[in-house]
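In: predicted model and sequence follow; I will ask about them next.
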4 protein chains.
Amino acid sequence: MDPMDVARSLYAQDRSADAFGIELLDAGPDGATVRMTVRPDMCNGFEIIHGGMTFLLADSAMAFASNSENDMALATSANLDWFAPARPGDVLTAVATRAGGGRKSVVWDVRVTNQDDEHIAQFRGRTRRIGQPIIT
Amino acid sequence: MDPMDVARSLYAQDRSADAFGIELLDAGPDGATVRMTVRPDMCNGFEIIHGGMTFLLADSAMAFASNSENDMALATSANLDWFAPARPGDVLTAVATRAGGGRKSVVWDVRVTNQDDEHIAQFRGRTRRIGQPIIT
Amino acid sequence: MDPMDVARSLYAQDRSADAFGIELLDAGPDGATVRMTVRPDMCNGFEIIHGGMTFLLADSAMAFASNSENDMALATSANLDWFAPARPGDVLTAVATRAGGGRKSVVWDVRVTNQDDEHIAQFRGRTRRIGQPIIT
Amino acid sequence: MDPMDVARSLYAQDRSADAFGIELLDAGPDGATVRMTVRPDMCNGFEIIHGGMTFLLADSAMAFASNSENDMALATSANLDWFAPARPGDVLTAVATRAGGGRKSVVWDVRVTNQDDEHIAQFRGRTRRIGQPIIT
């Protein structure tokens, strides 16, 4: 099965991706890319993007990559470092790549940048496959 | 200044807290509590809450605690462990407490539970005060 | 089998525990306590304990707890926050407790303090049981 | 001042580097490389390297890089993912590179591999400069 087809199928059912305007640009077993434009309703009391929204975008990139071989993968833990704020109108791109691990347990790095290629945040997450198909 | 007044002021300007229906229940220099009901548009393609939304809720609890002494605090990094899924209708409570550190740099633990007191996720985040008042 | 017997058996074969003078004070499925006196040869160029030695002590506490039910547990990831330095002669105690998870995958918190009960560091680690006995 | 001279000066005073046979191969503001041969007294009860020793090696690489501009840098937090065990006689190399951040606060990635270039562990750590020279 084509990894991008699996990712597109997951994406089609993903209510939060739709609610936040997350675009799926690329996905495969070695990585994925998603994009989102920051909106005012994603911002906190300092008028910058809520740190959790940046995490959510990075986590989405990991999800599309880790599930792309049609074997459901659960995220078990993740960490994020924030480097620079993002504001309404900024376009954030999150690129997930494999940082290590094997076939079943994988560690992913996700780099989040803005439209000027400024490094906004860096994510590291862990997924574990559970041996269940997504598309049957 | 009353820590709860500072937190309420931040909360009033927090567009994402409003968009996600996050309630501020308590906030002070040693911790904070927030609550959110899971909605379908917070869920991923597996019909469970997007892991990033759980992170966002925990991160909010940390933000209300870390800023409550009217000295702006930036989150620098955080990690989350997911233990159990949450579904639409579940009511999640996030309780932040100090895990260590000093006055300027603080490490926070946030415990996220559902309406049955099931342990959904555990967060650890780091904040750093920058010496700027929030309410002037 | 008595959890403390399993821990003592592991401890007896642990060459690094011996090399570093780590004492095993308590161990069971819900936690463990170890103790170590800082020596000059555990210190870095700033004459304070090497951060990795503090990590190693915390990691040992987690290992004795996670393996105490005679089912081998592998550490998969961990993080540490350093709060205060320790110097030669300081006596560090690391107390591991369960932070969450289930029977197979567990998340542990380890608090490291010195002889004055000062909070030196806080550790969070993840272990996974593999279904192999330690003592046969 | 030459970054490698600063690193060598730190290394010369580092009792733990000497005790563990850590070699300093390279150091500069953008990264550093260290190497260590696994000894039996670095191993735990499973006869594999104590996870804390792998962390210590990675942490050393970060320390030599982060201090190389003669401005003392404190490590504030770090996390490690373990992928494969190492045994007595294995030669581990830890290569630190910048993962993000600015001049004062830096996030480092450290890749630990063995003599066969197998990926043993991956580290991410955070340092903060405090504005004090190391060599005066």
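Out: Good, I have the coordinates.
In: centre of the chain versus stretch A:48-67, how much separation?
Out: The chain centroid and the centroid of stretch A:48-67 are separated by 4 Å under CA atoms, centre = their mean, to the nearest Å.
In: does that stretch reach chain B?
Out: Yes - interface with chain B: stretch A:48-67 contributes A:H50, A:G51, A:G52, A:M53, A:F55, A:L56, A:L57, A:A58, A:D59, A:S60, A:A63 (CB under 8 Å from any CB of the partner chain). (Each C-beta comes from the backbone N, C-alpha and C, glycine too.)
In: compile these into CSV and extend it with columns for pLDDT, secondary structure and distance to chain D.
Out: As requested, these are exported to CSV (pLDDT from 0 to 100; DSSP: H, G, I helix; E, B strand; the rest coil; distance: CB to the nearest CB, whole Å):
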residue, pLDDT, secondary structure, distance to chain D
A:H50, 97, coil, 20
A:G51, 97, helix, 15
A:G52, 97, helix, 19
A:M53, 97, helix, 18
A:F55, 98, helix, 15
A:L56, 98, helix, 19
A:L57, 98, helix, 16
A:A58, 98, helix, 13
A:D59, 98, helix, 17
A:S60, 98, helix, 20
A:A63, 97, helix, 18
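In: turn the residues you listed into a markdown table, including distance to C:V107 and neighbour count.
Out: Converted to a markdown table, those look like this (distance: CB to CB, whole Å; neighbours: other CB atoms under 10 Å in any protein chain shown):
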| residue | distance to C:V107 | neighbour count |
| --- | --- | --- |
| A:H50 | 25 | 27 |
| A:G51 | 22 | 26 |
| A:G52 | 20 | 28 |
| A:M53 | 25 | 26 |
| A:F55 | 18 | 31 |
| A:L56 | 21 | 26 |
| A:L57 | 25 | 28 |
| A:A58 | 21 | 30 |
| A:D59 | 18 | 28 |
| A:S60 | 23 | 28 |
| A:A63 | 21 | 31 |
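In: out of those, flag the one nearest to A:Q13.
Out: For those, the minimum distance to A:Q13 (CB to CB) is 11.9 Å, reached by A:A63.
In: next up, the contacts around that closest one.
Out: For A:A63, the contact set (CB atoms under 8 Å, 6 or more residues apart in numbering or on different chains) comprises A:L10, A:A73, A:A75, B:N44, B:G51.
In: B:M36: which of those residues is nearest?
Out: So of those, ranked by how close each gets to B:M36 (CB to CB), first place is B:G51, at 14.2 Å.
In: check whether the closest one really touches A:A75, as I assumed.
Out: Yes - the pair B:G51 / A:A75 is scored as a contact, 5.1 Å apart, by CB atoms under 8 Å.
In: which residues do those two both contact?
Out: A:D59, A:A63, B:W82.
In: check contacts around the first one.
Out: So that's A:D59. Per CB under 8 Å, 6+ apart, neighbours of A:D59: A:A75, A:A78, A:V110, A:F123, A:G125, B:H50, B:G51, B:G52, B:F55.
In: want to try JSON lines for these, with distance to A:I135 as columns?
Out: Shown next, in JSON lines, are these (distance: CB to CB, whole Å):
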{"residue": "A:A75", "distance to A:I135": "20"}
{"residue": "A:A78", "distance to A:I135": "25"}
{"residue": "A:V110", "distance to A:I135": "24"}
{"residue": "A:F123", "distance to A:I135": "26"}
{"residue": "A:G125", "distance to A:I135": "23"}
{"residue": "B:H50", "distance to A:I135": "20"}
{"residue": "B:G51", "distance to A:I135": "21"}
{"residue": "B:G52", "distance to A:I135": "23"}
{"residue": "B:F55", "distance to A:I135": "27"}
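In: near chain C, which residues of chain A are found?
Out: Near chain C, when you scan chain A using CB under 8 Å from any CB, you find A:T76, A:S77, A:N79, A:S105, A:V107, A:R126.
In: thinking again about what came up before, take the contacts of A:A63 and keep only those in strands.
Out: Mapping the contacts of A:A63 onto strands (DSSP state E) picks out A:A73, A:A75.
In: just the closest of the residues of stretch A:48-67 next to chain B to A:G28, please.
Out: A:A63 (13.2 Å).
In: thinking again about what came up before, got the shared contacts of B:G51 and A:A75 as a markdown table, with distance to D:A96 columns?
Out: Putting these into a markdown table (distance: CB to CB, whole Å) gives the following:
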| residue | distance to D:A96 |
| --- | --- |
| A:D59 | 26 |
| A:A63 | 29 |
| B:W82 | 29 |
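In: looking at the residues you listed, which is nearest chain C?
Out: Closest to chain C out of the shared contacts of B:G51 and A:A75 is B:W82 (9.4 Å), distances taken as CB to the nearest CB.
In: for that closest one, what are its contacts?
Out: A:L74, A:A75, A:T76, A:S77, B:G51, B:T54, B:I120, B:A121.
In: who wins on neighbours among the residues you listed?
Out: The most crowded member of the contacts of B:W82, judged by other CB atoms under 10 Å in any protein chain shown, is B:T54 (28 neighbours).
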